[in-house]
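[1] the following block contains a protein sequence and its predicted model.
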Amino acid sequence: MSEKPLPPPIIPPAAPRVRPQSPPAPYQMAVVSDDASAKPRPTSCAQCGSAHLSTLTQLPVCESCRLALVRFPFPMWVKLAAAFVTLMVVVSLAVSQERFTDAYDTVRAEKMVALQRWEDAFQSYGRLFKTHQDAETTVLYAESAMGSHHYQEAAEAVSSLTGKYIPEYLHHRATVVVDDLDRLAQEHERRMTPDGKPKIPYRPE
């Protein structure tokens, strides 16, 4: 009996060859030398042109110009601008103070009128009348003068309205003041002595 031949041996496939990789190179930052990017320093003073630059500063100036910069660090135009701004601040504060005073007198006068304290109202409106002789201030001043028995001041106030435009809401009030002055003038005429006394002014024309 013949023997059967043995099957050929099974050879496992060879593993694929992996090419070894070299480790990554370390990250390197590019270093730029300061000397390469730095600009060459001027060789003369930027102020006076002197060739002897100061060694106490990096600025391109000589020693005398450096001392001048230390004593006077701000140029003239900066000083002039600062002086102009200071002047504007002083002027604005002065104007604001005047407006604040006017506003205070107005509020105080209105309060005094509401309390029927005519003398105090006359004083407050009198200060306003010296600087603001518009129609409204004039009529209010005349009314307070009538209430505090300052008839001469009331007559002068309404006389200053001659030739001026008076709004409709003030025209009636001004007319009331004039009518009261006329009534007082007529009463004064009846009581006037023969030797003569000052008359209350009549209706202004």
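    Okay, I see it. Numbers count the residues shown, from 1 in each chain.

[2] any idea how far residue 143 is from residue 171?
    Going from residue 171 to residue 143 by Cβ to Cβ, to the nearest Å gives 13 Å. (Each C-beta comes from the backbone N, C-alpha and C, glycine too.)

[3] correction: residue 51
    For residue 51, the distance to residue 143 - Cβ to Cβ - is 83 Å.

[4] between these two, which has more neighbouring residues?
    residue 143 (23 against 8; other Cβ atoms under 10 Å).

[5] my guess is the more buried one contacts residue 175, does it?
    No: checked against Cβ atoms under 8 Å, the pair residue 143 and residue 175 is beyond contact range at 11.8 Å.

[6] hey, where'd the helices end up in the protein?
    34-37, 63-71, 76-114, 118-131, 135-147, 151-159, 168-191 (DSSP state H).

[7] go through the second one and flag the buried ones.
    Using 16 or more other Cβ atoms under 10 Å as the burial criterion, the residues of helix 63-71 that qualify are 65, 66, 69.

[8] residue 61 is in contact with the last one, correct?
    Okay, so that is residue 69. Yes: here residue 69 reaches residue 61: they are 6.8 Å apart, a contact under Cβ under 8 Å.

[9] just give the nearest non-adjacent residue to residue 164, would you?
    residue 135 (6.0 Å; Cβ to Cβ, 6 or more residues apart in numbering).

[10] per-residue pLDDT of the one you found, please?
    You'll see residue 135 listed with a pLDDT of 88.

[11] is it correct that it is in contact with residue 171?
    No: using Cβ under 8 Å as the test, residue 135 is too far from residue 171 to be in contact (9.2 Å).

[12] circling back to that earlier point, which residues touch the residue nearest to residue 164?
    Going by Cβ atoms under 8 Å, 6 or more residues apart in numbering, residue 135 touches 161, 164, 165, 166, 167, 170.

[13] buried subset of these?
    In the contacts of residue 135, burial by neighbour count holds for 161, 166, 170, counting by 16+ other Cβ under 10 Å.

[14] ok, the residues you listed vs residue 99, which is closest?
    Using Cβ to Cβ, residue 170 comes nearest to residue 99 of the buried ones among the contacts of residue 135, at 22.6 Å.

[15] so how far is residue 191 from that closest one?
    Distance from residue 170 to residue 191, by Cβ to Cβ: 32 Å.
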